[in-house]
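K.L.:
Just to be clear, the model below is a prediction. Sequence and coordinates:
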Amino acid sequence: MESSKYTKQFILPPERCMDWAEKSAVASAPVWCSVDLRDGNQSLIEPMSLQTKIEFFKLLCEIGFKEIEVGFPAASKTEYDFLRALIEGGLIPDDVTVQVLTQAREHIIFKTFEALKGAKNAIVHVYNSTSVAQREQVFGKGKEDVKKIAVDGAALLKELAERDGACYRFEYSPESFTGTEPEYALEVVNAVLDVWQPVKENKAVINLPAGGKRNAARLRTAGGVHK
């Protein structure tokens with residue numbers, strides 16, 4: 001019955017910002033991104049085959065999705081082959097952007113760009129965990145070292161896109177955002193944006209995951225995130 005023994009389990013934002021919640025109506029149509037081909041596939045007892053994934057992709061295009069996450073191409077041969085089949089088969093409409101996911105690890109990023117070769121429109125989504133528990137129990141690293149993982153990953157994305165002459169967009173997730181101190185998450189996100197230098201014509205996407213890499217709020221930005 002003694003509540004004083006429990007420590008505080010949440011941290012309030014440093015500044016109140018409820019502008020988004022206080023709007024009486026939306027000012028523009030949202031951008032819908034389908035994640036069924038990765039998140040939906042991961043939840044199945046029997047994951048989709050290559051042909052099933054191709055048919056599902058075609059259906060998503062018919063429905064009208066303009067951004068479709070096609071998976072984690074460095075994770076398995078099926079995921080890699082799926083993306084290559086879409087690109088080499090000319091199955092991606094010119095107005096559809098495919099999105100791929102990669103950890104902020106050098107060899108995985110290289111494999112991801114290998115899989116993407118020839119894609120016209122793509123978003124490369126890089127992530128690393130920033131939460132207190134992951135820093136202390138998984139990485140065994142301090143804040144600066146974990147921020148460096150994010151910055152190095154962001155720099156490699158930019159370098160490889162420039163090398164390939166590809167006009168890819170970038171997305172970053174401070175994975176386990178809800179377990180990360182807000183001011184530190186902000187510091188890491190802005191450090192990543194300092195590397196990418198997004199502009200209005202080519203915005204970056206910031207994904208703030210409630211737990212893992214999804215169930216998140218997505219923010220498109222042409223500059224730093226200040227709140």
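P.N.:
Everything's here; your move. The structure displayed is predicted, hence computed values, not measured ones. Numbering: from 1, shown residues only.
K.L.:
for this protein, what helix or strand is lowest in average pLDDT?
P.N.:
When the helices and strands of the chain are scored by mean pLDDT, DSSP states H and E, strand 216-221 comes last with a mean of 61.
K.L.:
Mind naming the longest helix for the chain?
P.N.:
helix 143-164 (DSSP state H).
K.L.:
The helix or strand just after that helix packs against which elements?
P.N.:
Per DSSP states H and E, helix 143-164 leads on to strand 169-175 as the next helix or strand towards the C-terminus. The helices and strands touching strand 169-175, judged by 3 or more Cβ pairs under 8 Å, 6 or more residues apart in numbering; DSSP states H and E, are strand 122-129, helix 143-164, helix 182-196, strand 204-209. The way it works is simple: take the backbone N, C-alpha and C, and place the C-beta from them, glycine included.
K.L.:
nearest spatial neighbour of residue 139, skipping sequence neighbours?
P.N.:
Once flanking residues are discounted, residue 139 sits nearest to residue 146: 6.1 Å by Cβ to Cβ, 6 or more residues apart in numbering.
K.L.:
List the residues that contact that neighbour.
P.N.:
By Cβ atoms under 8 Å, 6 or more residues apart in numbering, the contact set of residue 146 is 128-130, 135, 139, 188.
K.L.:
got TSV for the residues you listed, with distance to residue 74 and pLDDT too?
P.N.:
As requested, those are exported to TSV (distance: Cβ to Cβ, whole Å; pLDDT from 0 to 100):
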residue	distance to residue 74	pLDDT
128	15	95
129	17	93
130	21	95
135	24	93
139	20	89
188	22	97
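K.L.:
burial of residue 132, as a residue count?
P.N.:
If you count neighbours by other Cβ atoms under 10 Å, residue 132 ends up with 13.
K.L.:
Quick one: residues contacting it.
P.N.:
179-181.
K.L.:
Now, of these, which are buried?
P.N.:
In terms of neighbour count (16 or more other Cβ atoms under 10 Å), the buried residues within those are 179-180.
K.L.:
Okay, now the unreliable bits of the protein?
P.N.:
211-227 (pLDDT under 70).
K.L.:
Return the residues in contact with the most far-flung residue of the chain relative to its centre.
P.N.:
Within the chain, the residue lying farthest from the chain centre (Cα atoms, centre = their mean) is residue 1, at 42.7 Å. By Cβ under 8 Å, 6+ apart, no residues touch residue 1.
K.L.:
And it, how close does it get to residue 88?
P.N.:
66 Å (Cβ to Cβ, to the nearest Å).
K.L.:
Please apply the same query to residue 109.
P.N.:
On the measure of Cβ to Cβ, residue 109 and residue 88 end up 21 Å apart.
K.L.:
Tell me which of those two has more neighbours.
P.N.:
Neighbours were counted for residue 109 and for residue 88 using other Cβ under 10 Å; residue 109 has more, 21 against 10.
K.L.:
helix, strand or coil for that one?
P.N.:
Following DSSP: H, G, I helix; E, B strand; the rest coil, we place residue 109 in the helix state.
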